[in-house]
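> please work out how this folds:
(2 chains)
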2 protein chains.
Amino acid sequence: MLAFVQHSGNVNFQYAVGFDAESSFHVFCPENPKLNLVIVPDLEGERARDIFKGEVLTYSDIGYHRKRKEGVSNPLAESLFELFKSRDIDEVAIPEDFPAKLAFLLREKIPVRVEKSPFEKRRAVKNEREVELIRLSCLACVDSLRFLMRILSRKRKCEELRRLVELRLFSRGFLAEDTIIASGVKTCQPHWKGYGEVEGHIVADIFPKDRESGYFGDFTRTILLEDADEEIVNMLKACVEAKEKAERIVKPGVLAKDIHYTVCDVLESYGYSTLRNQKKRGEGFIHSTGHGVGLEVHEEPRIFENEDRIEKGMVFTIEPGLYYRDVGGVRVEDTLVVRKSGAEVLTPCEDYVTVKF
Amino acid sequence: MLAFVQHSGNVNFQYAVGFDAESSFHVFCPENPKLNLVIVPDLEGERARDIFKGEVLTYSDIGYHRKRKEGVSNPLAESLFELFKSRDIDEVAIPEDFPAKLAFLLREKIPVRVEKSPFEKRRAVKNEREVELIRLSCLACVDSLRFLMRILSRKRKCEELRRLVELRLFSRGFLAEDTIIASGVKTCQPHWKGYGEVEGHIVADIFPKDRESGYFGDFTRTILLEDADEEIVNMLKACVEAKEKAERIVKPGVLAKDIHYTVCDVLESYGYSTLRNQKKRGEGFIHSTGHGVGLEVHEEPRIFENEDRIEKGMVFTIEPGLYYRDVGGVRVEDTLVVRKSGAEVLTPCEDYVTVKF
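A predicted model of the protein is given here:
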C-alpha cells in the first residue's frame, strides 16, 4: 500500500490534522481511510488525542526512545520502517519540502516518491465556512486602509504608519507581519516594506492572518498624494483598469493564464512592459497576477502563465503592479472568491484617492 | 570543491544572509570565502543587493526562466548544475530540513551529503550585541509577568489574560504567539495554551520575539493562587530548587547532561518521576532541561542527556517542570547567558508569589 507522509510545519499537516507541533508526522492513505495516523513527541500525545480524529502514536509508542537508548543510529527512520511494515505500507509519497535527511534515509529501504499532498489541491477550493473566515481577514484589510487614510500625515514616517496599522490589527485579533507601507521611488521594489518620509504616493499592501482561525486576507491599494508623479498616476490608472477587467472575466472554467494575459493586455495597451513582451527587462509588470489565499498567504491556485482551470470556491488575488527604477512602483490587489456567476470581491474598496496634506 | 547550500525559510539562511525571501538559496564554502552567493527570485534582486555583502544572482541570471520557457523539466536543478560547474563545485552539503524534491534532483548528478550548517553551531555562541538583543526580549518577559499579576482576577479567563499580555508585548515591539497562560489540572499538558477559568495555579510561559531584531526571550513562572493544591505547591518547590541548583553549576566547560542530571537529582530527591528513573511513564519530568534561545526560540545547545560542552557566550534556558494527570503541571524557566564565571540570568524575577483574590 502507498502511504503519504506529511511533516509538521507544513500547512497541509495543519489543515489535515487540526494542529501543528514540532517533529510530527501524518501518515495516511487516500484510498484506505483506515490508515490515518499522526506520530507526535510524547509531550504532545494528550493534546493530539484531544484534537485529531484519527489514530495518535507517540515517539514512545513507535519505539523511538528505546532505539535511541540502544544506540540505533537513525532511530526515527528505523521506527518508521517498523511502523510501515506493520501497516503493510510498501511505498511512500512525500511532499516537495519534506526534510531531506529523513527523505534520504527512507529511500534507503523503501521506494519514496515526491508528490504534491492531496490536501494541496483540496485546500485551493474553499467551503463556505472558510470563505467567511477569509472574508473577516479581508474586511480587516479594508478597515486598515481607511484607518491609514485617517492617520496619514507628512509628519509620520512609513515605519510609524506600519506600526500603528499592525497594532490596530493585532488588537482586533489579526497578525500582520511585513505590511508594506512604502513611499517614494524605492517602491520600484515590490517587497520593499517602506521606511522614511512619505512623498508622492504610498503603496499599502496588507495581509493579516486571523490568529484564531489561521486564515489570511490580502489587499493592496496605492494612495496618490498631492505631489504624485504624473507617470505614477498613469501607471495606477493602467493597474486599476487591468484589475477590473481581469475580475470581470473570472468564473468557473476559465484558465489561470487567461486572467493573467487579460492583465498583460491592458498594461501593454498603455505601453508598459510585461514578462510577456519584455519591453524592458526587470521593469514593468514583473510578477504573476495572483495567488490563492487561505491558511497560507500564497497558496494554490497560481494565476500566471499556467493552464490551471479555475473552480467555484477558489479564493485568490488579482494584483497588477508596475515597477520602474527611476519612477517607483504601484500595485492594486483584491482577494476574491469564485462564485457560479463570477468573482465576488472580498476586499470591496473603491478608494483610489488623491490625498492633500 | 565542496559547497554548502542553505535554503531560505531556514533561520541559518537569515543569519548568514541578513534577510529572508521565498525560494532563495545561499551557496558558500567555509574554506573559500570567495564563494559566497545568494540566488533569489528576480523581484528580490534589488533588495538582496542592498543587504547581502556577497554576490547576488537572480533566477534570470542563472538561466532559470530561459530553461523554463524551453520546457526543461527541472529548470531550477538544471540551472544549479550549470552554476556548480562554472564555480568548480563538485560536492554539495545541505541541511537536514532542505526540501526533499530538490535534494533528490541534485543527488542525481552530484554527490550530496546532509550536514549541519556551520552556522548552526556558530549561532549557539552569541556575541555581546546578540546578548543585549536577547536581554531586551527577556526583560519584556519579566515585565509581562508583573503585568499579568496586576490584571489577574477570578473574572478574567485564561484566554483574555493571554490576549492582554500579548497585546501589551505587541505594542512594545514584541510578537508573542502561543503564550501559555494555563490553569487547572489540564496544565499537565506542557504545551496546553490554557482556556477557561483561573483556579488553583497558573503556568505562564512567555516567549516573545523582538520584531525588529528577530531575537527571542523565554521565561516561565508558576503563580500559586490561594486555593492551590498542596501537591502543586510541593512540585513547584522542587522545580524552583532544581532550577536554582542547575543554574549554579553552569559555567564554560560543563556538559549539557550534567546540567540536566542536576535537575533530575533534585526532582528525584523529592520522589518525583523523571525520564531517567521512569517511576511513572508519561508523568513527572517528561521533557529536556532546556534549549538555546536566539533567532529561534528552540535552537542549539540542547540541554538534555547529551554531552555537548557548554561555552562562554551560549544562551539557553533551564526549565524544570513536573506534570501529573490527576494534579496538573508546574514549570519554572529562566533564560541565561554563560559568562566566564558562571550563569548570568537574563530573566531576573524572584516572584513565586501566592496570590489572594
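
> distance of residue A:173 relative to chain B?
8 Å (C-beta to the nearest C-beta, to the nearest Å). Where C-beta positions appear, they are placed from N, C-alpha and C, glycine not excepted.

> what is the neighbour count of residue A:269?
11 (other C-beta atoms under 10 Å in any protein chain shown).

> residue A:63 is in contact with residue A:80, correct?
No: counting by C-beta atoms under 8 Å, residue A:80 does not reach residue A:63; the two are 10.1 Å apart.

> those two: who's more crowded?
Taking neighbours as other C-beta under 10 Å, residue A:80 and residue A:63 compare with residue A:80 leading, 24 against 16.

> show me what contacts residue A:253?
By C-beta atoms under 8 Å, 6 or more residues apart in numbering or on different chains, residue A:253 lies in contact with A:309-310.

> you'd agree it is in a helix?
No: using DSSP: H, G, I helix; E, B strand; the rest coil, the assignment for residue A:253 is coil, not a helix.

> roughly how far apart are it and residue A:343?
13 Å (C-beta to C-beta, to the nearest Å).

> cool, and residue A:335?
Residue A:335 is 10 Å from residue A:343, by C-beta to C-beta.

> same question, residue A:243
For residue A:243, the distance to residue A:343 - C-beta to C-beta - is 11 Å.

> these two: which has the busier surroundings?
residue A:243 (26 against 21).

> okay, that one: pLDDT?
Predicted confidence (pLDDT) for residue A:243: 97.

> let me see the contact set for it.
Residue A:243 neighbours (C-beta under 8 Å, 6+ apart): A:263, A:318-320, A:332-334.

> 7 Å instead, please
A:318, A:320, A:332, A:334 (C-beta atoms under 7 Å, 6 or more residues apart in numbering or on different chains).

> so it, which of the three states?
helix.

> just the one 4 residues further on next, same as before
Secondary structure, three-state DSSP: residue A:247 is helix.

> give me the number of residues near it?
Count around residue A:247 with other C-beta under 10 Å applied: 17.

> leaving out chain neighbours, which residue sits closest to it?
Excluding the flanking residues, the one nearest residue A:247 by C-beta to C-beta, 6 or more residues apart in numbering or on different chains is residue A:343, at 4.9 Å.

> got the contact list for the helix or strand where the one you found lies?
Using DSSP states H and E, residue A:343 sits within strand A:342-345. Outside strand A:342-345, the residues within contact range by C-beta under 7 Å, 6+ apart are A:247, A:250-251, A:334, A:336-337.

> now these: which count as buried?
With burial judged by 16 or more other C-beta atoms under 10 Å in any protein chain shown, the buried subset of the contacts of strand A:342-345 is A:247, A:250, A:334, A:336-337.

> helices - which of those residues land there?
Among those, DSSP state H puts residue A:247 in helices.

> and which of the buried ones among the contacts of strand A:342-345 is nearest to chain B?
Nearest to chain B out of these is residue A:334 (C-beta to the nearest C-beta; 20.0 Å).

> just the C-alphas of stretch A:83-92, formatted as PDB.
Extracted C-alpha coordinates of stretch A:83-92, given in PDB (Å, rounded to 0.1, in the frame of the first residue of the first chain):
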ATOM      1  CA  LEU A  83       5.600   1.000  11.600                       C
ATOM      2  CA  PHE A  84       5.300   0.800   7.800                       C
ATOM      3  CA  LYS A  85       5.900  -2.900   7.900                       C
ATOM      4  CA  SER A  86       3.200  -3.500  10.500                       C
ATOM      5  CA  ARG A  87       0.700  -1.500   8.400                       C
ATOM      6  CA  ASP A  88       1.500  -3.100   5.000                       C
ATOM      7  CA  ILE A  89       3.000   0.200   3.700                       C
ATOM      8  CA  ASP A  90       5.500  -0.600   0.900                       C
ATOM      9  CA  GLU A  91       5.800   2.700  -0.800                       C
ATOM     10  CA  VAL A  92       5.800   6.300   0.500                       C
END
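
> how near is residue A:263 to residue B:210?
39 Å.

> same question for residue A:19.
When residue A:19 is compared with residue B:210 (using C-beta to C-beta), they lie 27 Å apart.

> same question, residue A:29
For residue A:29, the distance to residue B:210 - C-beta to C-beta - is 44 Å.

> just residue A:325 next, same as before
Taken as C-beta to C-beta, the span from residue A:325 to residue B:210 is 33 Å.

> once you drop chain neighbours, what's closest to residue A:93?
Closest to residue A:93 by C-beta to C-beta, 6+ apart is residue A:115, at 4.3 Å.

> check that neighbour and give its pLDDT.
At residue A:115, pLDDT is 95.

> who has more neighbours out of residue A:325 and residue B:210?
Neighbour count, other C-beta under 10 Å: between residue A:325 and residue B:210, residue B:210 has more, with 19 against 14.

> would you mind confirming that the more buried one makes contact with residue B:134?
No: assessed by C-beta atoms under 7 Å, residue B:210 is found out of contact with residue B:134, at 8.5 Å.
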